[in-house]
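Visitor: would you be able to build a 3D model of this:
(chains A, B and C)
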Amino acid sequence: MIWFSALVLIPLMAVVVTAIDGGWDVFWSTITSGQTSAAIKLTVFTALGVTVVNVVMGPLIAWVLVRDRFWGKSALEVLIDIPFALPTIVAGLVLLSLYGPDSPLGIDIANQRPAVFLAFLFVTLPFVVRMVQPVLEELELDVEEAAASLGASRFTTFRRIILPSLAPAIAAGAALSFARGVSEYGSLVLLSGNLPFKTEVTSVRILSSIENDNVAAAAAVATVLLVISLTVIVLLDVIQRRVAARG
Amino acid sequence: MADTLTREIDEPVAPAAPALVRRERRTPMTYVLRLVAAAYLFFLVAWPVSLVATNTFDDGLGSIRALLEDPDVVVALQLSAYVAFFSVVINTVFGVGMSLLLVRYEFPGKRVLNALLDLPLSVSPIVVGLSLVLVYGGREGWLGPTFASWGFDVIFSAPGIIMATTFVALPLMIRELVPVLEEIGIEQEQAAESLGASAAQRFWRITLPSIKWGIVYGVVLTLARSLGEFGAVKVVSGNVLGQTRTATLVVEEKYLNFDQQGAYATAFLLAMVSVACIVVVAIIRPKNHA
Amino acid sequence: MSIEVSGLNKSFGDFVALQDVSVSLPTGQLTALLGPSGGGKSTLLRIIAGLDKADTGSVTIEGTDATHLPAQKRNVGFVFQHYAVFKHMTVAKNVAFGLEIRKRPKAEIAERVDELLRLVHLSQFAHRLPSQLSGGQRQRMALARALAVEPSVLLLDEPFGALDAKVRKELRDWLRRLHDDVHVTTVFVTHDQEEALEVADEIVVINEGRVEQVGTPDQLYDEPANDFVMSFLGEVTHLAGTAVRPHDIDVATAPLLAGAVEGTVSRMLRVGFEVRLTVLTVGGEEVSVVLTRTHARSLGLEVGATVWLTVTAGATVVPAMRPSLAG
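Guide: Down below sits the predicted model:
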């Protein structure tokens, strides 16, 4: 407990304390200043967009991994985990090699907004898939067959039977991927160019404040991110409790 | 003692692995979904990652060799390994302790603690770095000046890097162990207790061997995360060439200095380690579940 | 007396598991703690073993006060319903565990393990992992593991509860014979009255945290202390305000005896050699009666017939104080 406090809780509290040290007005003007609010907006909206893509693609990939069988499936399994294990700076470089100036596809989105989107998409890939997969594995085919025997079409079965069982897992995965997207830093360093008002995300903004020795401003923006993380965690806890209550 | 069992009891032994009965229904939709999933993963992950490998080996082994001859890079790699080692050790020891605490004991605030444990996974690494600087910073941190007066610098030196890395990798071990501990339950330990084993004997001889695979996964995941941490390390390390620069920082620096070959080569080394880690996990995990 | 329990109380939150329980279990005997699920019998066993702590009361094992002794120092053998095998150890290692903890010499351990595995017929499985054994084999291994340390008492918590019916019956016979050979004081928990009646020297009936009756199987069956014990040990029906066993009712086709209760046969079911009747009395009672097939045929019984019922002379009868709880 003490160890956890010293390493995690006290430092995070220090951030919040530093942020509100200067008073509410300073805090507010810091996070609403042009460049910072542009960064926050970009981060949040991109993370939201990426979460939407993940909510669609995550269950789809999980479905293929659980229900389908084909040659090379285990390779796909490994691919899912790569973004989680790969150092973020390497992830940035990886994406740059295909979607950067030397792209063999001829697509160069480096230093543009889609780059931010792409980077988020890469690092958040595992979350929804890995949350949905075990639930889908436990979901018994019997239930689907029972629904079919009662006259439900495949689409109806999916919408009325499967989707509601997966919903908590999808929501939890979405929350995690949103949190991860909002807090992403490493993969953007090389890929997005960090242009103010254009491709600069919140984490980069905090870092540049630190480098300019403006710790108070950095702490203010960091607090915004912390609040988002905490909200996500509370949300996750609520979802898990719901699921547990349902048995 | 006499032979009490007059005849062998006829009871089927549990089959080693129950055959998975899978009723398959293949429709065109199956193939469309399969194609979409494969294509998505190919363009997002497989192709870009493989490009790093090909870029690295554009001129054969030259770039790797050049990299390993650069003393600054060697020092950075050593530092990364050193930091990852300590982070793994610390997180393993405390991870096992925290997991036991969370699974076996009831105490006020357990739910809050449980929820907060996920914080390091969802907080930006930059915020992590900033928070550590604020507390342990040598000049104006809360505790830093005290440590500094003892001649012990945390920030801008190895201990800070280790702390930052430990912080971000903290939940991984615990999240691996908690479900394992919940699954094995407490009966085996109680059986050992009734056979006369002390608390320490129960831990070393029953609990630890039962969770060893969980610990192995936890170590592998923690190792991958620790080696790869970038943002938090960047803030706390000061990035001093040859002293507090880790391998991930080298990638950035080399790329920004237009040494793409070097950047790709370093990235390749790091990617190799992390891919190796997840392949190891993928290989041992199913065996354990059987 | 081998185990002396007095004044035990135990609650889990609002739930009262044991209420002022005092019981003495004799040395060298096989005792069953019998009762419905959730009645507190497992809790009592776990408190004797030291795996749970009583709120108040004391436990004495072989003359030593064990109330505050941790489980590891009580020298009891405990067998769990779900076996609690050490999954990462071979069968032989499982059995050797308690001896290794006691730092016995290696040769002695090997010899003892060998002997015990022969006793439970698992010698050929010594080097297998528990996952390769069947449920019955695992439970025999768990028993050998508990016996290895030569415990002063052997405690078994629903030892055959997780096994299927046939194996359960065979292991039950085996446990009886094993006990006759080993003679260690043994206490086992069960909710199956047939198991208790067949195996135990003495039965303690426990319900809702209280001891209802202690006695030999015959005493319990023939002289139940109350309606609950009677109904738990076998089928019970009610006739004229008393609880009686269905096979202890005489059926007549004419009002021959004074006090006979008149009724109509409302259902008739033939099961093998016996016939089960449901008789609706004029007082509105539903009475179950069991008689042999030959007897029923000689009386010429059929649905709708009028009959007169009396309790057989010398039958076990208990005033019906509570509504019947079990079949």
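Visitor: which strand or helix spans residue A:217?
Guide: Assigned by DSSP states H and E, residue A:217 belongs to helix A:215-246.
Visitor: so, in contact with chain B or not, that helix?
Guide: Yes. With Cβ under 8 Å from any Cβ of the partner chain as the criterion, chain B is reached by helix A:215-246 at A:215, A:218-219, A:222, A:225-226, A:229-230, A:232-234, A:236-237. (Each C-beta comes from the backbone N, C-alpha and C, glycine too.)
Visitor: type out the ChimeraX command that picks the buried ones from these.
Guide: Listed next is the ChimeraX selection for buried residues among these, using 16 or more other Cβ atoms under 10 Å in any protein chain shown:
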select /A:215,218,219,222,225,226,229,230,232,233,236,237
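Visitor: from the residues of helix A:215-246 next to chain B, which two are the most distant?
Guide: A:215 and A:237 (31.2 Å; Cβ to Cβ).
Visitor: circling back to that earlier point, other SSEs contacting the helix holding residue A:217?
Guide: helix A:10-21, helix A:24-32, helix A:34-67, helix A:163-183, helix A:202-211, helix B:110-116, helix B:119-122, helix B:125-136 (3 or more Cβ pairs under 8 Å, 6 or more residues apart in numbering or on different chains; DSSP states H and E).
Visitor: of those helices, which shows the lowest average pLDDT?
Guide: With a mean of 74, helix A:24-32 has the lowest mean pLDDT of these.
Visitor: and the angle from it to helix A:10-21?
Guide: 110 degrees (axes from the mean of the first three to the mean of the last three Cα atoms, to 10 degrees).
Visitor: quick one: helix A:24-32 near chain B?
Guide: No. Helix A:24-32 is not in contact with chain B by Cβ under 8 Å from any Cβ; minimum separation 13.8 Å.
Visitor: just the CA atoms of that helix, as CSV, please.
Guide: Extracted C-alpha coordinates of helix A:24-32, given in CSV (Å, rounded to 0.1, in the frame of the first residue of the first chain):
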residue,chain,number,x,y,z
TRP,A,24,-9.1,28.5,-10.7
ASP,A,25,-8.7,31.4,-13.0
VAL,A,26,-5.1,30.6,-13.9
PHE,A,27,-6.1,26.9,-14.4
TRP,A,28,-9.0,27.8,-16.6
SER,A,29,-7.1,30.3,-18.8
THR,A,30,-4.3,27.8,-19.2
ILE,A,31,-6.5,25.1,-20.6
THR,A,32,-8.6,27.4,-22.7
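Visitor: name the residues of that helix that are buried.
Guide: Buried, per 16+ other Cβ under 10 Å, within helix A:24-32: A:27, A:30, A:31.
Visitor: residue C:9: helix or strand, and which one exactly?
Guide: strand C:3-12.
Visitor: what residues sit buried inside that strand?
Guide: Neighbour-count burial for strand C:3-12 [16+ other Cβ under 10 Å]: C:3, C:4, C:5, C:8, C:10.
Visitor: and for stretch C:51-69?
Guide: C:51, C:52, C:54, C:57, C:59, C:60, C:61, C:66, C:67.
Visitor: the residues you listed also near chain B: which ones?
Guide: residue C:51.
Visitor: would JSON lines of the buried residues of stretch C:51-69 with pLDDT be doable?
Guide: Converted to JSON lines, those look like this (pLDDT from 0 to 100):
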{"residue": "C:51", "pLDDT": "88"}
{"residue": "C:52", "pLDDT": "88"}
{"residue": "C:54", "pLDDT": "90"}
{"residue": "C:57", "pLDDT": "91"}
{"residue": "C:59", "pLDDT": "92"}
{"residue": "C:60", "pLDDT": "92"}
{"residue": "C:61", "pLDDT": "90"}
{"residue": "C:66", "pLDDT": "88"}
{"residue": "C:67", "pLDDT": "89"}
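Visitor: low pLDDT regions in the stretch 201-327 of chain C?
Guide: For the stretch 201-327 of chain C, the stretches flagged by pLDDT under 70 are C:321-327.
Visitor: enumerate the residues of it near chain B.
Guide: Residues of the stretch 201-327 of chain C lying near chain B (Cβ under 8 Å from any Cβ): none found.
Visitor: which stretches in the stretch 201-327 of chain C count as strands?
Guide: C:202-207, C:210-215, C:237-239, C:242-244, C:249-252, C:261-271, C:274-281, C:286-292, C:306-311, C:317-319 (DSSP state E, counting those that start in this stretch).
Visitor: the fourth one packs against which elements?
Guide: Meaning strand C:242-244. Short answer (3+ Cβ pairs under 8 Å, 6+ apart): strand C:242-244 packs on helix C:227-233, strand C:237-239, strand C:317-319.
Visitor: who touches the second one?
Guide: Outside of strand C:237-239, the residues that reach it under the criterion Cβ atoms under 8 Å, 6 or more residues apart in numbering or on different chains are C:243-246, C:249, C:261, C:281, C:285, C:287-289, C:309, C:311, C:320, C:324.
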